[in-house]
Each structure stands twice: as C-alpha cells, then as structure tokens.
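Participant: build me a structure from this.
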Amino acid sequence: MATTGILDYESDAIVQLMTMAEEDWTEQELKDALQRAIMLELSTIPPYATALWSITNPDNSQPVRHTIREIVFDEMSHFGLVCNMLTTIGGTVVLTDPLTVPKYPGQLPGGVNPGLEVFLSGLSRESAGLFSDIEKPEHPLAFAVDGNTIGAFYQRIANVFPTFAHLITGQHQVEFPLSSSHGAGNDIVAMNTLDDVLNAIHVIQTQGEGTDVSPENPFPGAPGELAHYYAFKEIAVGKKLVRNDQTGQFEFTGPDVPLPDTSPVARVPQGGWLNSPGNQPDHATSELLHTFNQQYSDMLRSLEDAWGAGGSDSLFPAIGMMGSMRRTAQQINGIKLPADPRFTYGPEWLFLQ
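Facilitator: Numbers count the residues shown, from 1 in each chain. Model prediction:
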C-alpha cells in the first residue's frame, strides 16, 4: 500500500497538484496532498505565535491578543484534523524530516500563494498584513484578489476524497476536545467516514476565509468572531470591518483597532541570528535560542509520535512544550539587538535533529 513520502517544503508541489485533473489523482496524490496540507497548517503557527508572544500585556482578554491567540488554536485544530485525514487512509504523518519543516523567511510550502514571503517578527501592521495574505480567500467579500489559495487547495482535496472513501479505516486517530473554550469547530475528531472528512474541510475553509456571504467565523469561540482573513486584516488596516448600509458591502472603515504594546522583535534572518551581521548572539542569548529550538523540535517529535503509535495521550507533552516555548520566547524577546537596540531578538524556530 502506498504511504506518504518525504516531501520537500520548498517545492511547488501544491501548484502541480492544482493543475492535475481531479480524475487523474491516485491514492498517492491524495496522501501527498494531505501531507502538504499538514505542512501548510504547521507553517502558519510560528509566524502567528511569534507575533502573539511579542505582545507584552499577558491578559488574554485584550482584543488583539485574544484574536491572534484564538487563531493559533484554530490552526492547531486544523493541523490535527488533517493529520487524522491522512492516517485514516493509511498515510504516515511526517513532521521531523529536515525537508518537511518550515523555512523562514520563505514562501508557503508547495508554492501556494506564490510570491508571498512569510517571515518571523513581532506584531506590527506589516506582519498582520502578511497573515491576512496567508489566509486570503479566493474571492474576499471586502475586495477582489486572485491566486492559488489555501482554501482552493482544500476544495480540491474535498473534490477528490470521495473517490478514495473506501480507504478510510478510522485507524491511528487522535481526538482532543477544544470546542468548549475555542469554538464549535475546534475539536480534533476522528475521521471515521467521508462525512467526517468533508465536515472537517468545511471547518478549515470557513474558519480561515469566512463563507460566501459573511466574514464571520461560522464556528466561533465568541459571537461575532471573524474568520482569520478578516480578523488579521482589521489589525493590519487598523480599522474594524463593517457593512456599508448604503451599498451592503463590507469595508474596513469602522472604529480604530489600536495595536497593543509589544516587544520590538526584529525579523529573524534565514538560518537564525548567527547570519545577521553585528547581531551574532552572545553565549547567554545563544543558550536561550538553542533552548527554544530544542523545545520546538521536541514538540514536533511528540506530535509525530501522537499520529504514529502514541495516540491522544502523546499530545499532552506537545501542549506542555508549547507553554515552555512561549516562556522561552518571551525571554528572548527581552534582549536588544547589538547592531540596532531599537529592536530585539526573536525565536528562530529551527529544527534540531
């Protein structure tokens, strides 16, 4: 039986899959597409979390912090749902091969949203704009764009999956409840039927992009919560999204959205701070950066194990590691750059074998 191969993060494989006729997809194409989707979901967490952890006020009820935190939890749920889609049809989740781990700065894996450079930095209008570009729908309600989007890629998977519904086994599934605190669609549930798969894809698409008629997240943690694209765009533009009573159109012309106080985390250079002239870290800073990278790498190992032989209980070490990563990142964020002390270091998110 075909299993998931090692897939290069920096290839244009998603673009290639999107150009292939749906009837030509084989079991291997579907498994490769799901591994790509896992890599996509994983790739959004480091930039979003880096921005979140740069906010200095720890009160999770503060509007912008709450918004980004909820989106990070959504992405974790999406990641888990797609892992279940892959393992239920006999695929193997690959997270710890150097070819599959996210690379920053760089494009999204597989060539989706071509030309978009994803970077790690503190929260700013610019980074929030990047995040909205990552989440952009094929046809946003607020204004028109085009391109190969994440939502379109998921729609292709939804279109193809029924052909391979006979492969669904319900094996190696991880279940984890998140809906009580983070929204009705956020439980990581088992993929035992085709309906389970299609429902999960619907959650992923609409939480990220909204629906054809509303920018609101149809699976919110709180009433009125926007889909990711619109929530990030509000932060980027600095204005709330409102409906124009005269035209019926949605516009970013509402009340101001002020940025919270943040640590001024600079863009992390490719390969880490050793590659930034004048900002090579001293011993103490190097130790903190290494600690974070080790925690991140151990988290990926725990997640890979959970969808291998470990099962749901293996998620708990990964969840604990995320808390440790946040604390380490906040220590890193407090260290000024030698070459430009207006800015600070940020976590590198480098995988250590």
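Participant: what is the helix or strand harbouring His78 packed up against?
Facilitator: In this assignment (DSSP states H and E), His78 forms part of helix 63-88. Counting contacts by 3 or more Cβ pairs under 8 Å, 6 or more residues apart in numbering; DSSP states H and E, helix 63-88 is packed against helix 27-54, helix 179-182, helix 194-209, helix 228-237. Heads up, the C-betas are built off the backbone N, CA and C, glycines and all.
Participant: chain center to the next helix or strand after that helix, what's the gap?
Facilitator: Downstream of helix 63-88, the next assigned helix or strand under DSSP H and E is helix 125-134. Centre-to-centre, helix 125-134 and its host chain are 13 Å apart (Cα atoms, centre = their mean, to the nearest Å).
Participant: list the buried residues in helix 125-134.
Facilitator: 127-128, 130-134 (16 or more other Cβ atoms under 10 Å).
Participant: which one among those residues gets closest to Pro269?
Facilitator: Distance to Pro269, by Cβ to Cβ, is smallest for Ser127 among the buried residues of helix 125-134, at 15.5 Å.
Participant: can you pull the contacts of that closest one?
Facilitator: Applying Cβ atoms under 8 Å, 6 or more residues apart in numbering to Ser127 gives the contacts 47, 51, 119, 121.
Participant: tell me the centre residue of this protein?
Facilitator: Thr44 (2.7 Å; Cα atoms, centre = their mean).
Participant: does that residue touch Ser132 like I think?
Facilitator: No: using Cβ atoms under 8 Å, Thr44 is not in contact with Ser132; the gap is 11.9 Å.
Participant: identify the contacts common to these two.
Facilitator: With Cβ under 8 Å, 6+ apart, Thr44 and Ser132 have no common neighbours.
Participant: re the thing from before, need the helices and strands packed on helix 63-88 in JSON lines (columns: mean pLDDT and distance to Ser286).
Facilitator: What follows is the helices and strands packed on helix 63-88, written out as JSON lines (pLDDT from 0 to 100; distance: least, Cβ to Cβ, whole Å):
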{"stretch": "helix 27-54", "mean pLDDT": "95", "distance to Ser286": "19"}
{"stretch": "helix 179-182", "mean pLDDT": "74", "distance to Ser286": "35"}
{"stretch": "helix 194-209", "mean pLDDT": "90", "distance to Ser286": "36"}
{"stretch": "helix 228-237", "mean pLDDT": "94", "distance to Ser286": "32"}
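Participant: can I get the buried residues of helix 125-134 in TSV including distance to Thr67?
Facilitator: What follows is these, written out as TSV (distance: Cβ to Cβ, whole Å):
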residue	distance to Thr67
Ser127	13
Ala128	10
Leu130	15
Phe131	10
Ser132	12
Asp133	17
Ile134	15
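Participant: which of the three states applies to Asn57?
Facilitator: Under DSSP: H, G, I helix; E, B strand; the rest coil, Asn57 falls in the coil class.
Participant: give the contact list for the residue nearest to it when sequence neighbours are not counted.
Facilitator: Of all residues not flanking Asn57 in the chain, Pro260 sits nearest, at 5.8 Å (Cβ to Cβ, 6 or more residues apart in numbering). Listed by Cβ under 8 Å, 6+ apart, the contact set of Pro260 reads 55-57, 62, 64-65, 123.
Participant: who wins on neighbours among the residues you listed?
Facilitator: Using other Cβ atoms under 10 Å as the neighbour criterion, Leu123 leads the contacts of Pro260 with 26 neighbours.
Participant: surely that residue and Asp261 touch.
Facilitator: No: assessed by Cβ under 8 Å, Leu123 is found out of contact with Asp261, at 9.9 Å.
Participant: shared neighbours of those two, which are they?
Facilitator: Ile55.
Participant: how many residues are close by the nearest residue to Glu41 once chain neighbours are set aside?
Facilitator: What sits nearest to Glu41 in space, not counting adjacent residues and going by Cβ to Cβ, 6+ apart, is Phe79, at 4.0 Å. For Phe79, the neighbour count with other Cβ under 10 Å is 24.
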